[in-house]
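S.K.: Structure for this input, please:
(chains A and B, ligands or ions: 2)
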Amino acid sequence: MDITTSIDVVASEPAAPALVARVANLTKSYGSHGARIDALRDVTVGIRRGEFTAVMGPSGSGKSTLMHIMAGLDSPTEGRVWLGDTEIGGLGDEQLTLLRRRRVGFVFQSFNLVPTLDVEGNLLLPFELDGRTPSPREREWIDELETVLGLDPRLSHRPHELSGGQQQRVAIARALVTRPELVFADEPTGNLDSRTGREVLQVLQSATRGYGQSIAMVTHDPIAASYADRVIFLADGRVVEDRPRMEASEIAAFMLAMEQAA
Amino acid sequence: MSGAGPASGVREHGSSILVALLSSAFGVALLQITGVLDDAIRADPITGRSTTVGIMLTVIAWVFIAIAIYVGSIVTANTFATIVAGRARSIALLRLIGSSARRQRRAVAREGLVVGLIGAVAGAAVGTGLAVALERLAVWADWLPEVAHDWADPGLAAPILAVVATTWLAAWVGSRRVLTVTPLQAIGGSQPLSLEEARSRPARNAIAITLFAVGTATLVLSMLLGLVTPFAVLIGVVGGILSFTGVVLGAHLIMPPALRLVGRMLGRSPSARLAAANALRYPERSSRTTIGVVIGVTLVTMFGVTVASFRLLIEAAQAEQPEVYEGTGAMLDGVTAVFSVLIGVSALIAAVGLVNALSLSVLQRTRELGLLRALGFSRAQLRRMILAESVQLTATAVLVGLVLGTFYGWAGAQSLLGSASGMPGIVAPGVPWTILAIVVVSAAVLTVAATITPARRATRVSPITALAVE
Ligand SMILES: Nc1ncnc2c1ncn2[C@@H]1O[C@H](COP(=O)(O)OP(=O)(O)OP(=O)(O)O)[C@@H](O)[C@H]1O
Ligand SMILES: [Mg+2]
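M.R.: Ligands and ions are numbered 1, 2, ... in the order given. Prediction:
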């Protein structure tokens, strides 16, 4: 299979302003010498600012691993990682913690919310962690998110009182409240039915369209990926394809071809 | 986290075995020692005829043994409830493939029986060893005569069997939640299983409130009667037992509001707020975690306050007739020390329970801790959160115990000594400074000790856990 990494960046140059995050020659291996698994092999890729990017690929292809490393949740075995202009490869735990707190947002497949806090408490957590209360402008933004995501009647509910879709919407709102440079979402619709999943995807898409929120989303689902501005395909720890916006049917066909080639 | 392997069995049940061991060792050691004392008294030509002292010693010993075993059972029931909550998903899986809830529960209770057996037998050995060592020491120092003693008295089986039975029973009670686990929970959605244990229990609440009300009224009555006769203290003892039983039965009514109050005093930082919420996540569990410590602190404080009040009176009297009261102070000190140590064992058992409860709760929250790390909680913030949880539990238990103990102690002093000066009078409650200091220092040590393992574990949790664990 040919490797077509049509990325407009050269690894050794300083981060281009158009890229909100990037990795260069990234390799991630698990296990010791005996049973070594290369989850990522020499990956060089960038996430563009203001875009909704989908990362697709078969199970075990390294999607989650790539996202974890870009978000500073995990460390690379080889290669370099930048978030904006910051090279995060060499950062210590304390600095990575601050980076996660201030510069990125997360939406996971499930278990996104702190069970002991109500919806409002979960939404304000990113500010509280920083020891501050939202400014009036931020407060306006929070209110707007709450309204847009239909959370207003639910603010004093605890997570276990919400449906899966409602929980995901709260998670998205929380990822967006601080307007982070980049929001990472790992299969955010994986646990939802297709209608609720579509709602969640529309919210993500409109955050990008509406105010240029950069989003990187890992998914298995061709329909989910069709909401993105760009689709990156991984297979076997490598980037195998990088395309602008695709129809769900095209994506499905491509995935099928990839699996047959494998 | 299924608890199937022997290694995880030790990890899960280690503290319950320790609790059973402590209870059994305490019971056996205490009975062995009273037995030795009894033999020594019988061997004495002057006191030898009387059996009263021996019986009294045994009765007093059993009061303390019963308290220790009771506290131990509460701790064990709590531990099992927590373990079952952690296993809910694997239990649900077994239910899904056709195992009945009753069978699952019996299996858990059987683990309790094994835990009880191991702990009780090991405890018997430890207790006997301790008693032998003390006896040798006493003989060597000439405090006791060299008298033959039967170290294998059949009566020693009583505390051993009692520990086995109560541990088994506690496991049975603690595993009640197994019945509410549904097979659906195995395939269940995104939320971690929340086994909210707060149930309304009108009968138990009614009994607890009635006992407390009647007991406290009786206690007040005894204080009034105490103005005219020292025998009022006998009524007071009954009132105290009733009232305190009410408190223990109604722990789930008293402890959560107290925890909330203390939690609020910890401040508004995210660490403190999450800690406060965690301590109240399972109100019933927190109540049982803390009530053991409350019992210990209440009894020690009560005793200390009574003795300190008595001492105030003695000192006043001593000022007038020094020769009559010579040596009373030293005797009071001795009695206070012995009683405090005997009650202290129950407090120690409760402390083991508290340490274990915090540790288990952190273990079961791995994923949540990972989430907090992913969201930007620093390691220091996590550590502070766990410390705050620990402070909240111990401080609440100690404060409630101090308040109750001071009240009961003062009530006891008033009903016993209200008429002591020859005319009706109000006894000023004495402050047992030494005991207070020991309680506060022990509480601080307990707070820190309880956080060491969980904090280390929590700070090791990688943020990726939030995404991975299933
Ligand atoms: N902690 C780990 N230890 C060992 N191997 C790991 C670990 N995490 C991931 N791997 C391996 O790395 C490879 C990539 O895993 P990753 O989770 O990134 O895949 P993925 O594309 O997200 O798959 P899925 O679609 O199933 O979520 C897999 O082969 C996986 O087994
Ligand atoms: Mg994945």
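S.K.: how near is the residue in the stretch 201-350 of chain B positioned nearest to chain A to residue A:114?
M.R.: Distances from the stretch 201-350 of chain B to chain A, computed as CB to the nearest CB, single out residue B:277 as the nearest residue at 3.6 Å. Using the backbone N, CA and C atoms, a C-beta is placed for each residue, glycine as well. Distance of residue B:277 to residue A:114, given as CB to CB, to the nearest Å: 8 Å.
S.K.: what's the answer for residue B:19, then?
M.R.: Residue B:19 sits 32 Å away from residue A:114, going by CB to CB.
S.K.: Likewise for residue B:220?
M.R.: According to CB to CB, residue B:220 and residue A:114 sit 46 Å apart.
S.K.: more crowded one of those two?
M.R.: Just comparing residue B:220 and residue A:114: by other CB atoms under 10 Å in any protein chain shown the higher neighbour count belongs to residue A:114, 22 against 16.
S.K.: which SS class is that one?
M.R.: Using DSSP: H, G, I helix; E, B strand; the rest coil, the three-state assignment for residue A:114 comes out as coil.
S.K.: okay, now the domains of chain B?
M.R.: By the assignment in automatic domain parsing, chain B contains the domains B:1-182, B:204-470.
S.K.: ok, is the last one in contact with ligand 1 or not?
M.R.: This points to domain B:204-470. No. Contact between domain B:204-470 and ligand 1, assessed by CB under 6 Å from any ligand atom, is absent, since the two come no nearer than 7.4 Å.
S.K.: average model confidence for that domain?
M.R.: For domain B:204-470, the mean pLDDT works out to 88.
S.K.: Just list what the helix or strand hosting residue B:115 packs against, helices and strands only.
M.R.: Counting by DSSP states H and E, the element that carries residue B:115 is helix B:101-140. Applying 3 or more CB pairs under 8 Å, 6 or more residues apart in numbering or on different chains; DSSP states H and E, one finds that helix B:101-140 contacts helix B:6-43, helix B:52-86, helix B:88-96, helix B:157-174.
S.K.: Could you export stretch A:222-234 as CSV, CA atoms only?
M.R.: Taking only C-alpha atoms (Å, rounded to 0.1, in the frame of the first residue of the first chain), the coordinates of stretch A:222-234 have been written out as CSV:
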residue,chain,number,x,y,z
PRO,A,222,-17.9,6.7,8.3
ILE,A,223,-21.0,8.8,9.0
ALA,A,224,-19.3,10.5,11.9
ALA,A,225,-16.2,11.1,9.8
SER,A,226,-18.3,12.7,7.1
TYR,A,227,-19.0,15.6,9.4
ALA,A,228,-15.3,16.5,9.4
ASP,A,229,-13.4,18.9,7.1
ARG,A,230,-10.6,16.5,6.7
VAL,A,231,-10.2,12.7,7.2
ILE,A,232,-6.9,11.1,8.1
PHE,A,233,-6.7,7.3,7.7
LEU,A,234,-4.4,5.2,9.8
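S.K.: Just the buried positions in that stretch, please.
M.R.: By 16 or more other CB atoms under 10 Å in any protein chain shown, the buried positions in stretch A:222-234 come out as A:222-234.
S.K.: and that stretch, is it in reach of ligand 1?
M.R.: No. With CB under 6 Å from any ligand atom as the criterion, ligand 1 is not reached by stretch A:222-234; the gap is at least 6.6 Å.
S.K.: How far does that stretch sit from its chain's centre?
M.R.: 12 Å (CA atoms, centre = their mean, to the nearest Å).
S.K.: got the angle between the helix holding residue B:115 and helix B:157-174?
M.R.: Helix B:101-140 and helix B:157-174 are oriented at 150 degrees to each other (axes from the mean of the first three to the mean of the last three CA atoms, to 10 degrees).
S.K.: Check the closest residue to chain B within the stretch 101-250 of chain A and give its pLDDT.
M.R.: Proximity to chain B, evaluated over the stretch 101-250 of chain A using CB to the nearest CB, is greatest for residue A:101 at 2.5 Å. At residue A:101 the predicted local confidence, pLDDT, stands at 89.
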